[in-house]
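# Sharing a model prediction with you, sequence too.
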Amino acid sequence: MQKQHLAMAEILVQEMDELYEPEQALAAGTVFPALNLPFFAITEEMMEKAPSAKSYQGKTEAQQKKLKKLTEISFVADDLNLYLCTHPEDEKAFEIFQEYAKQKKQLLEELGEEHFPLCAEDAGELADRKKAPSPWKGADAYVVL
């Protein structure tokens, strides 16, 4: 049997360009507008209907807003981290990543101080762990971020 080539693919190297804002990035599934292509494209209208703060389980409106912001910031940091795996020399992307990582750390600290630690390793004392809602009370006690 003779080998046949069924297809030939050309994959362009991704370049650092403009980025979506965190709320748009989470809705689109990518921080890079250039990757929001027709096959998976999320329209601007759909991105405007991103989850509201009320869809986050929190005791107060302020907590819900912070959890939403944390989700968005974490998504952008993770997406930029993936980009940096293939573009380790991109200083601009690394600077942006560091800024989002800093924001993420700050939000985690704020939520931990104001409400309860979101990560088990952030619980400094046993009493901190008791502040977190139990999973059977409608919340995952800790999240992995």
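Sure, I can see it. Residues are numbered from 1 along each chain as shown.
# what residues does stretch 6-24 touch?
Contact with stretch 6-24 is made by 25, 28, 30-35, 47, 50, 69, 72-73, 75-76, 83, 86-87, 90, 92-93, 96, 100, as judged by Cβ atoms under 8 Å, 6 or more residues apart in numbering. Placement of C-beta: from N, CA and C, glycine included.
# C-terminal to the lengthiest helix in the chain, what's the next element?
Longest helix in the chain by number of residues (criterion: DSSP state H): helix 61-86. Later in the chain than helix 61-86, the nearest helix or strand by DSSP states H and E is helix 91-114.
# can I get the CA coordinates of that following helix in CSV?
Output in CSV follows, covering the C-alpha atoms of helix 91-114 (Å, rounded to 0.1, in the frame of the first residue of the first chain):
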residue,chain,number,x,y,z
GLU,A,91,9.4,40.4,27.7
LYS,A,92,6.2,42.5,27.1
ALA,A,93,4.0,39.4,27.7
PHE,A,94,5.9,38.5,30.8
GLU,A,95,5.5,42.0,32.2
ILE,A,96,1.7,41.8,31.6
PHE,A,97,1.6,38.4,33.1
GLN,A,98,3.4,39.6,36.2
GLU,A,99,0.9,42.4,36.6
TYR,A,100,-2.1,40.0,36.4
ALA,A,101,-0.4,37.5,38.8
LYS,A,102,0.1,40.4,41.2
GLN,A,103,-3.5,41.4,41.0
LYS,A,104,-4.6,37.7,41.5
LYS,A,105,-2.4,37.4,44.6
GLN,A,106,-3.8,40.6,46.0
LEU,A,107,-7.4,39.6,45.4
LEU,A,108,-6.7,36.2,47.1
GLU,A,109,-5.3,38.0,50.1
GLU,A,110,-8.2,40.4,50.3
LEU,A,111,-10.8,37.7,50.1
GLY,A,112,-8.9,35.7,52.6
GLU,A,113,-8.8,38.5,55.1
GLU,A,114,-12.3,39.8,54.5
